[in-house]
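J.: Turn this into a model:
(one chain, ligands or ions: 1)
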Amino acid sequence: MDGLINQEGYSAADIQAADYVKKLANKMPGGFFIYRATGKEEILYANKSMLKIFNCQTMEEFREITGNSFRGLVHPDDIEEVEQSIREQIADNDDDMDYVEYRIIQKGGEVRWLEDYGHFTQHDYNGNIFYVFVVDITERKKRQLQEKEEQLQEQLRRLGMIAGLSIDYESIFYADLDLDRIQAYRISHRFRHKFQDINTVCPFIGFDEEYAKKWVHPSDRGSLLQATNADYIRQKLSKNNSFHINYRIIQNEKEEYLQLRIVNIGNRDHVSQIVMGYRSVDDEIKYELEQKKMLKDALEQAKSSNIAKNTFLSNMSHDIRTPMNAIIGFATLAKKHIDEKEKVREYLNMIETSSDQLLRLINDVLEISSIEADKMQIEESECSLLDIIQEIQSAITPRASEKDIDLSLNISGLKHYTVYSDRQKLFQILLRLTRNAVKYTEFKGKVSITVKETESTDREHATYQFIVQDNGIGISESFMEHIFEPFERQQNTTLSGIYGTGLGLTITKNIVDMMGGTIEVTSASGQGSTFIITLSLRIQNRQFQPFQPKSQAQAHALQQRRILLVEDNEINLEIEVELLQDAGFLVDTATDGSIAIEKIANAKPGYYNLVLMDIQMPVMDGYHATSAIRRLENPLLANIPIVALSANTLDEDRRKSMECGMNAHLPKPVNMPQLMELVEKILTTF
Ligand code: ADP
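T.: Residues are numbered from 1 along each chain as shown. Purely as a prediction, here's the structure:
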């Protein structure tokens with residue numbers, strides 16, 4: 001064959017056959033070559049297609065580019081692997097056939113892929129000879145590589161998707177139950193002792209024992225280990241595609257909720273391949289538990305407010321019935337003894353006392369409900385502490401004198417008398433404490449009111465202590481715990497004979513709280529009581545103008561003024577007219593707002609000195625009437641002082657009165673001393 005093969009030992013027939021093969025080989029579409037692999041390694045023959053594959057024109061060129069050896073023909077990066085594969089294949093099969101794929105470098109430097117079918121023969125005289133058929137498979141290889149690349153990209157996309165979906169999972173495992181194998185896809189530090197990296201493969205059975213022991217809450221350990229038992233998993237996943245279990249781990253001495261979800265990714269009829277994901281569900285579960293607790297609390301609260309409502313109703317009906325019985329009883333007696341003046345007076349006095357009690361109860365209940373409905377507001381204005389204390393003193397003195405109680409005032413510790421506070425509420429809470437002190441102190445006892453300015457928090461504020469002390473019956477230790485609770489009384493009216501509602505201190509405490517202050521009590525049974533209210537109040541640095549009582553003559557002159565009383569209820573009208581006339585006022589009346597406007601508009605300025613205006617009236621109510629009066633053309637008429645007299649006594653009602661232009665708002669039924677004082681104040685100002 002082209003003189004390449006040693007012709008020694010070949011017969012003429014052999015040579016002829018070789019020529020025939022050569023001719024045939026040159027016509028073959030694929031490459032063909034023969035090489036000797038032992039002794040002097042060399043390529044003995046290569047057909048034309050082979051030369052073409054290597055981009056060579058002549059055999060010389062081919063020899064040069066391949067170094068005339070098989071080793072030189074194969075790409076240097078592939079030769080080791082190729083030779084080893086050929087060796088192994090020949091050793092393994094009886095046909096002495098091999099198949100390999102490798103790269104070559106063409107003349108010109110282009111890299112091509114070949115597939116190589118080799119047949120190995122052993123000649124005594126020529127050594128190991130390979131007959132090799134090759135096909136250029138570069139295009140196929142390129143296609144394959146591209147497909148692989150696409151597959152890889154697809155796989156990466158999928159992995160990205162899985163990673164995205166499983167972002168919440170701190171550990172993810174793939175396991176095959178049949179093979180008893182588990183491998184991690186993502187590992188949290190809690191599993192690191194077992195799985196160093198994602199290549200670690202472990203037996204499935206017992207893979208999480210150490211984990212459970214080290215991290216899992218002792219009470220949840222059993223259920224977690226049961227959930228990762230292969231039989232249990234098989235049984236669960238034969239019914240559903242996945243299941244989960246929540247358990248607690250202990251981290252930095254704190255409990256954290258985790259969830260293990262196990263998903264079947266194989267056959268449902270025969271569960272074996274599964275994915276297990278561990279993630280923290282701490283926030284969700286804690287939120288859920290919180291919601292449950294809130295619901296439970298709300299239920300309990302609803303139950304207890306129901307109990308409170310029932311207690312309230314039974315207390316109310318009892319507390320209303322007591323004075324009501326007295327009123328009805330004494331009214332019957334009064335009728336029966338109508339001609340016995342002294343007796344009737346006594347019964348009427350009793351009726352008055354009981355009515356007062358009823359009114360107080362109604363006021364207290366109204367106040368409590370406005371506190372509960374968050375309707376009560378603190379409205380600050382400039383007020384004199386001395387005025388307030390003096391007013392309390394005058395309000396309390398009559399009752400204290402009846403009981404021969406020594407009522408003393410100590411205000412020597414005051415430096416700033418004028419403060420900014422809610423005057424009415426401050427007055428009210430101090431009055432309640434003082435009234436209680438007198439109420440719960442026996443005859444000839446002692447009650448003192450002390451006001452101290454303890455410290456200045458800053459230049460604009462001062463801390464005040466209002467101390468109401470008595471040497472009365474005192475408060476037992478057990479009752480002390482309930483003293484600020486509504487309707488709580490140490491002894492009820494029947495037992496103690498002292499009338500009360502048990503609401504006063506509740507209201508007081510709420511108001512003090514709203515004012516940002518504190519209230520403290522020290523007491524013991526039979527040892528008297530001390531109530532201390534501490535408030536930080538804004539101070540007025542201007543000098544204080546002490547209260548100047550008016551002269552008798554001046555007071556008398558005031559009473560000769562004309563009041564227009566606007567009231568639709570006949571009985572109220574009668575009573576009020578009588579009371580006002582008794583006090584020395586001249587009284588004119590109007591039975592609704594529109595009549596009142598007419599009367600004022602048609603009067604000479606100064607004819608009426610004051611209007612007492614009911615609020616709820618037919619035709620025109622007090623608010624509208626007041627607004628209309630304020631709009632009268634003549635300013636002397638439009639500015640007449642108007643005081644609301646109303647059964648509506650909530651803060652809101654007061655504010656409404658002020659908003660439509662009234663000068664003051666007094667509660668009904670009329671309290672004459674209070675009315676007199678107000679009228680005096682208004683008439684001296686106007
Ligand atoms: P009320 O006096 O209408 O019963 P309070 O809420 O004002 O209601 O007071 C609640 C209870 O606290 C009273 O019933 C009484 O038992 C007790 N208490 C209040 N002040 C005193 C006091 N100064 N001395 C003894 N007990 C008092």
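
J.: my guess is residue 682 contacts residue 610, does it?
T.: Yes - when contacts are counted by CB atoms under 8 Å, residue 682 is listed as touching residue 610 (6.5 Å). All C-beta atoms are positioned from the backbone trio N, CA, C, and that covers glycine.

J.: so what's in contact with the two at the same time?
T.: Counting by CB atoms under 8 Å, 6 or more residues apart in numbering, the common neighbours of residue 682 and residue 610 are 641, 643.

J.: These two: which has the busier surroundings?
T.: Set residue 682 next to residue 610 and count neighbours by other CB atoms under 10 Å: residue 610 wins out with 21 against 17.

J.: show me the contacts for that one.
T.: With contacts defined as CB under 8 Å, 6+ apart, the neighbours of residue 610 are 561-564, 640-643, 679, 682-683.

J.: could I get these as JSON lines with pLDDT?
T.: JSON lines is the format used below for those (pLDDT from 0 to 100):
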{"residue": "561", "pLDDT": "84"}
{"residue": "562", "pLDDT": "91"}
{"residue": "563", "pLDDT": "92"}
{"residue": "564", "pLDDT": "95"}
{"residue": "640", "pLDDT": "90"}
{"residue": "641", "pLDDT": "90"}
{"residue": "642", "pLDDT": "92"}
{"residue": "643", "pLDDT": "91"}
{"residue": "679", "pLDDT": "78"}
{"residue": "682", "pLDDT": "76"}
{"residue": "683", "pLDDT": "71"}
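
J.: any chance of the residues you listed in CSV, plus secondary structure and distance to the ligand?
T.: Conversion of the contacts of residue 610 to CSV gives the following (DSSP: H, G, I helix; E, B strand; the rest coil; distance: CB to the nearest ligand atom, whole Å):
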residue, secondary structure, distance to the ligand
561, coil, 38
562, strand, 40
563, strand, 35
564, strand, 38
640, coil, 40
641, coil, 35
642, strand, 34
643, strand, 29
679, helix, 30
682, helix, 32
683, helix, 35
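
J.: so the residue of the stretch 1-150 of the chain found nearest the ligand is in which element?
T.: Scanning the stretch 1-150 of the chain for proximity to the ligand using CB to the nearest ligand atom identifies residue 150 as nearest, at 85.4 Å. Secondary-structure assignment from DSSP states H and E places residue 150 in helix 138-165.

J.: Tell me who's in contact with the nearest residue to residue 647 once chain neighbours are set aside.
T.: With sequence-adjacent residues excluded and distances taken as CB to CB, 6 or more residues apart in numbering, residue 647 is closest to residue 668, at 4.7 Å. Applying CB under 8 Å, 6+ apart, we find residue 668 in contact with 572, 614, 645-647.

J.: Just the buried residues of those residues.
T.: With neighbours counted by 16 or more other CB atoms under 10 Å, the contacts of residue 668 contain buried members at 572, 614, 645-646.

J.: Narrow the residues you listed to those in helices?
T.: Secondary structure assignment by DSSP state H places residue 572 of the buried ones among the contacts of residue 668 in helices.

J.: gap between the two ends of stretch 410-427?
T.: 16 Å (CA to CA, to the nearest Å).

J.: How far off centre is that stretch?
T.: From the chain centre to the centre of stretch 410-427 is a distance of 40 Å (CA atoms, centre = their mean, to the nearest Å).

J.: How about stretch 271-290?
T.: Centre to centre, stretch against its chain (CA atoms, centre = their mean), the figure for stretch 271-290 is 23 Å.

J.: May I have the distance across it, first residue to last?
T.: As for stretch 271-290, its first-to-last residue distance stands at 38 Å under the measure CA to CA.

J.: How about the secondary structure of residue 456?
T.: When states are read from DSSP: H, G, I helix; E, B strand; the rest coil, the local structure at residue 456 comes out as strand.

J.: no, scratch that, I was asking about residue 680
T.: Residue 680 ends up helix, using three-state DSSP.

J.: If you rank every helix and strand of this protein by mean pLDDT, what lands last?
T.: Every helix and strand of the chain was ranked by mean pLDDT, DSSP states H and E. The lowest is helix 552-559, at a mean of 56.

J.: Quick check: beta-bridge partners of the residue nearest to residue 654 when sequence neighbours are not counted?
T.: When the adjacent residues along the chain are set aside, residue 654 lies closest to residue 665, with 4.5 Å between them (CB to CB, 6+ apart). Legend: beta-bridge partners of residue 665 under DSSP bridges are residue 644.

J.: Now do the same for residue 665: its pLDDT.
T.: According to the predicted model, the pLDDT of residue 665 comes to 86.

J.: burial count for it?
T.: Here the neighbour count serves as a burial measure; for residue 665 (other CB under 10 Å) it reads 21.

J.: ok, it touching residue 657?
T.: Yes - assessed by CB under 8 Å, residue 665 is found in contact with residue 657 at 4.3 Å.

J.: shared neighbours of these two, anything?
T.: Applying CB under 8 Å, 6+ apart, one finds that residue 665 and residue 657 are jointly contacted by 644, 646.

J.: quick one: stretch 417-437 near the ligand?
T.: Yes - counting by CB under 6 Å from any ligand atom, the ligand has neighbours in stretch 417-437: 436-437.

J.: just stretch 454-474 next, same as before
T.: Yes - counting by CB under 6 Å from any ligand atom, contacts between stretch 454-474 and the ligand involve 470, 472-474.

J.: With only the CA atoms kept, save that stretch in CSV.
T.: The C-alpha atoms that make up stretch 454-474 are tabulated as CSV, following Å, rounded to 0.1, in the frame of the first residue of the first chain:
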residue,chain,number,x,y,z
THR,A,454,-43.8,70.2,97.2
GLU,A,455,-41.3,70.9,94.5
SER,A,456,-41.1,72.8,91.2
THR,A,457,-40.4,70.4,88.3
ASP,A,458,-39.5,73.5,86.2
ARG,A,459,-40.1,77.2,86.3
GLU,A,460,-43.5,76.8,84.7
HIS,A,461,-44.9,74.0,86.8
ALA,A,462,-45.2,73.1,90.5
THR,A,463,-46.1,69.8,92.2
TYR,A,464,-49.0,70.1,94.5
GLN,A,465,-50.2,67.7,97.2
PHE,A,466,-53.8,67.9,98.3
ILE,A,467,-54.1,66.0,101.6
VAL,A,468,-57.5,65.2,103.1
GLN,A,469,-57.1,63.6,106.5
ASP,A,470,-59.6,62.5,109.0
ASN,A,471,-59.6,60.6,112.3
GLY,A,472,-62.8,58.6,111.4
ILE,A,473,-63.7,55.0,111.0
GLY,A,474,-60.7,54.2,108.7
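
J.: What are the buried residues along it?
T.: With the criterion 16+ other CB under 10 Å, stretch 454-474 contains buried residues 461-462, 464-474.

J.: possible to save those as CSV with secondary structure?
T.: Conversion of these to CSV gives the following (three-state DSSP):
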residue, secondary structure
461, strand
462, strand
464, strand
465, strand
466, strand
467, strand
468, strand
469, strand
470, strand
471, coil
472, coil
473, coil
474, coil
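
J.: would TSV of those with distance to residue 134 be doable?
T.: Rendered in TSV, the data for those read as follows (distance: CB to CB, whole Å):
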residue	distance to residue 134
461	103
462	109
464	110
465	111
466	113
467	115
468	116
469	119
470	121
471	124
472	122
473	121
474	118
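
J.: Distance from the top helix by length along the chain to the middle of the chain?
T.: The helix spanning the most residues in the chain, taking DSSP H as the definition, is helix 282-336. Computed by CA atoms, centre = their mean, the separation of helix 282-336 from the middle of its chain amounts to 29 Å.

J.: For that helix, what does the pLDDT average out to?
T.: Computed over helix 282-336, the average pLDDT equals 83.
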